[in-house]
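> The following block contains a protein sequence and its predicted model.
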Amino acid sequence: MARNLKIRDLTLRDGQQSSFATRMNQAQIDRCLPLYKDANFYAMEVWGGAVPDSVMRYLNENPWTRLETIHKAVGNVSKLTALSRGRNLFGYAPYTDEIIDGFCRNAIESGLGIMRIFDALNDVDNVKSTVKYVKQYGGIADCAVCYTVDPKYPQPGFLQRLMGKKAPKPVFTDAYFLDKAKQMAALGADMITIKDMSGLIPPRRVATLIKLFKQHIDIPIDFHTHCTPGYGLASVLAAIVAGVDIVDTNCWYFAGGTGAPAIELIDVFCKKLGIETGVNMQAVAEINTHLREIRKELNRSVFGADKPEPKPFDAKAIPAEIDALFDRAIEAARRDDEAAVIDACRKIEAYYGFPAPNELVQKAEIPGGMYSNMVAQLKQLKSEEILPRAMELIPSVRLAAGLPPLVTPTSQIVGAQAVNCALDEKAGRPMYSNKSSQFVGLVKGEYGHTPVEIDPEFRFKICGVRDWTPYDTSKNKPQPNPELPEAGGAKLAETEKEVLLLELFPMVAKNYLTELKKKAYEASKPAETAPAEAPKAEAKPAAAITGNTVNAPLPGRVIEILVKVGDKVKANQEILILEAMKMENSITTDYAGTVKQILVEPGETVATDAVLVEIE
């Protein structure tokens, strides 16, 4: 009897997020859906991650509609999957059980079958609530162990060794990952995923972990990886040979590079191994006819130009020398010849025109998305020259913050802080002079327990407290939900689903829902009774600046202004929150005095050195 391997397709969530900045709109998704019903994947990842934020922020679409539309088209043929960051859900902060409950219940009612739940610190306490509510409402709880590696620390010098200084001991051992998986299974997980978000796990390591997990855990094991550093295809093959139950793949034109391996290449391996996947590859080929065109549309809209695409794939026309590479890779995986399986798989991908391994990401051992975010942020800051220094600082910033795995949101938190430290250094300020609210929260303990203990003196320096201090849910305040005069008095969030969006994405959901309600109100009015557009008030000119100013240390968007004109402020008092690099940065004043004028408004985007507040 042939062995069965289940395939989870990531194309409509992780695939487009990894390669096309999560910009697939509903119309593009709809073109593929009838064919997905025929493809018969075990599961389709379509929601969570960056999707709920991005479809509102960039596409002006409703995240709940995205999920419900896909379920209506695909039905129960494939289980729909969402990616959840545990207590952080799809956002960047810890949330209350009430919010987690509401999201799980509404998601499952909207068609979700599997919730993949991970925590950025691998703190099992942070996945408990989501597991509880997913199972309570009839969903499948897929708990993910985040794979990561120990940083390459600078080795202690001769004098340091004489003084007894040693390099830190390894933390992320096989025993560490097994312990996390066993804890999650004990919570009631229905399956365990080895989540290699950076694509850093080589074939031998994943084969070892798969076998170890299968020996000690009696539920299905899934393997998720990316191709960025060049291990992806080889490691998926090694996982299959080692006995994994489920693997994650993308369809051809969204595969490889920063994405997961292509289902088409995995299918060739499976046929040669005598493994059944149940996937209708003819339907997948038809999906790819649409994805090829969508890829071109996304390249032009997101990147302004077409990136090279892989050659078309035809399973019936694989050249003999490439077919031999598939056989060579399988034999190498069976005999645990890691170098040979990597070599054969890279040659296969190179023949089909997939991107070459990113050696910089491989050496830096960080997620590809984290690296690309840092590059984009530094370009915005016009400080590209500090990238090498920011990259150098990542291991020390990460270790100081408790050695978190680098996955959303900790990858953004650590990456943004490394950039801030490099900017501090460049400006002649002490490092950690500029720190995001999220970095403060991470060090304080609000995100949970870090893999290694944080030095109490460092915590005091960053947070003003020495003891680990968890997130206090009793202090959570619901987001403001006002009536909108410009929308005929409609509430900003009128349904539970809208309220949940507002709780997770306050600024993004506020903008989206406001425009949604205004359009609905305008559409409901007879055209002839629509009032003439009121003349726009002229902007009030700012008074001449004679006092001290508080300027933006980096470009961003004003989230909240904490003072008003006439307020007395002290030196180092927090006066404004600026969102930059997806992090909230507290802006303080160097001067004591009285607030004379505020030159920005909430929601306004400002450049570096823009004057925010005048104090005299």
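Right, received. Where do you want to start?

> Please report how far V124 lies from I454.
19 Å (Cβ to Cβ, to the nearest Å). The C-beta positions use only the backbone N, C-alpha and C, and glycine is treated the same way.

> Kindly apply the preceding question to P367 instead.
22 Å.

> More neighbours: which of these two?
Ranked by neighbour count (other Cβ atoms under 10 Å), P367 and I454 place P367 first, with 28 against 22.

> Make sure the more buried one is actually in contact with P409.
No - assessed by Cβ atoms under 8 Å, P367 is found out of contact with P409, at 11.8 Å.

> What is the burial count for the nearest residue to A2 once chain neighbours are set aside?
Using Cβ to Cβ, 6 or more residues apart in numbering and skipping the chain neighbours, the partner closest in space to A2 is E276 (4.7 Å). By other Cβ under 10 Å, 13 other residues sit near E276.

> now I266
I266: 24 surrounding residues under other Cβ under 10 Å.

> all numbers from here: first residue = 50
Noted, 50 is the first residue going forward, which turns the last one into I315.

> wait, isn't it in contact with I56?
Yes - using Cβ under 8 Å, I315 makes contact with I56 at a distance of 7.3 Å.

> Give me the common contacts of those two.
Taking Cβ atoms under 8 Å, 6 or more residues apart in numbering as the criterion, I315 and I56 both touch 296, 298, 326.

> can you redo those residues as CSV with distance to K526, pLDDT and neighbour count?
Compiled in CSV, the shared contacts of I315 and I56 are given as follows (distance: Cβ to Cβ, whole Å; pLDDT from 0 to 100; neighbours: other Cβ atoms under 10 Å):
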residue, distance to K526, pLDDT, neighbour count
V296, 43, 98, 26
T298, 42, 98, 30
T326, 48, 97, 20
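
> Now, those residues that are in strands?
296, 298 (DSSP state E).

> Quickly name whichever of the shared contacts of I315 and I56 is closest to L108.
Proximity to L108 was ranked across these by Cβ to Cβ; first place goes to T298, at 25.2 Å.

> May I have the residues that are in contact with the closest one?
So T298 contacts 56-59, 285, 304, 309-312, 315 (Cβ under 8 Å, 6+ apart).

> and it, bridged to which residues?
D58 (DSSP bridges).

> and what of A190?
M164.

> same thing with the one 4 residues further on?
Per DSSP bridges, the residues bridged to V194 are I243.

> residue contacts, it?
167, 171, 226, 229-230, 233, 241-244.

> where does the chain dip in pLDDT?
Within the chain, the segments meeting pLDDT under 70 span 50, 202-214, 216, 417-418, 421-422, 425-426, 429-430, 576-591, 629-632.

> mind running it again at 50?
Filtered on pLDDT under 50, the chain yields the residue ranges 578-580, 583, 585-588.

> residue nearest the centroid of it?
For the chain, T457 is the residue whose C-alpha lies nearest the centre (Cα atoms, centre = their mean; 4.2 Å).

> Now, the contacts of V194 that are in strands?
Short answer: those in strands (DSSP E) are 241-244.

> okay if I get those residues as JSON lines plus distance to K574?
Output for these, formatted as JSON lines (distance: Cβ to Cβ, whole Å):
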{"residue": "I241", "distance to K574": "54"}
{"residue": "T242", "distance to K574": "50"}
{"residue": "I243", "distance to K574": "55"}
{"residue": "K244", "distance to K574": "50"}
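
> Quick check: of those, which lies closest to E346?
Checking the ones in strands among the contacts of V194 one by one against E346 (Cβ to Cβ), the nearest turns out to be K244, at 29.6 Å.

> quick one: the closest residue to the closest one other than its chain neighbours from M164, how far?
Leaving aside its sequence neighbours, K244 sits nearest to A193 (Cβ to Cβ, 6+ apart; 3.9 Å). Using Cβ to Cβ, we find A193 at a distance of 10 Å from M164.

> ok, F507 - contacts?
F507 neighbours (Cβ under 8 Å, 6+ apart): 449, 492.

> returning to that earlier point: just the shared contacts of I315 and I56 now: which is nearest E653?
Nearest to E653 among the shared contacts of I315 and I56, with distances taken as Cβ to Cβ, is T298, at 43.0 Å.

> Doesn't V612 belong to a helix?
No - under DSSP: H, G, I helix; E, B strand; the rest coil, V612 sits outside any helix and is assigned coil.

> Can you give me the neighbour number for it?
19.

> same deal with M423?
25.

> now do E433
12.

> Ignoring the adjacent residues along the chain, who's closest to it?
Using Cβ to Cβ, 6+ apart, the closest residue to E433 is L427 (5.0 Å).

> do L61 as well
V95 (4.6 Å).

> Show me what the helix or strand harbouring the one you found is packed up against.
Secondary structure from DSSP states H and E places V95 in strand 92-97. Judged by 3 or more Cβ pairs under 8 Å, 6 or more residues apart in numbering; DSSP states H and E, the packing partners of strand 92-97 are strand 55-58, helix 112-123, strand 128-133, strand 161-166.

> what angle sits between that strand and strand 128-133?
40 degrees (axes from the mean of the first three to the mean of the last three Cα atoms, to 10 degrees).

> residues in contact with the helix or strand harbouring V180?
Secondary-structure assignment from DSSP H and E places V180 in helix 177-185. By Cβ under 8 Å, 6+ apart, the residues outside helix 177-185 that reach it are 133, 135-136, 138, 146, 149-150, 153-154, 157, 164, 166, 189-190, 192, 233, 236-239.

> same thing but at 10 Å, please
With contact meaning Cβ atoms under 10 Å, 6 or more residues apart in numbering, helix 177-185 is reached by 131, 133-138, 144-154, 156-157, 161, 163-168, 173, 176, 188-192, 233, 236-239.

> circling back to that earlier point, mind checking the SS state of the residue nearest to the centre of the chain?
Criterion first, three-state DSSP; result for T457: coil.

> So it versus P416, what's the distance?
For T457, the distance to P416 - Cβ to Cβ - is 8 Å.

> so who does the closest residue in space to A88 that isn't next to it in sequence touch?
Closest residue to A88 apart from its sequence neighbours, by Cβ to Cβ, 6+ apart: A332 at 4.1 Å. Residues counted as contacts of A332 (Cβ under 10 Å, 6+ apart) are 83-90.

> what's the answer for L541, then?
With Cβ under 10 Å, 6+ apart, L541 has these contacts: 528-533, 547-548, 551, 558-559, 562-563, 565-566.

> where does it sit relative to V557, distance-wise?
L541 is 13 Å from V557, by Cβ to Cβ.
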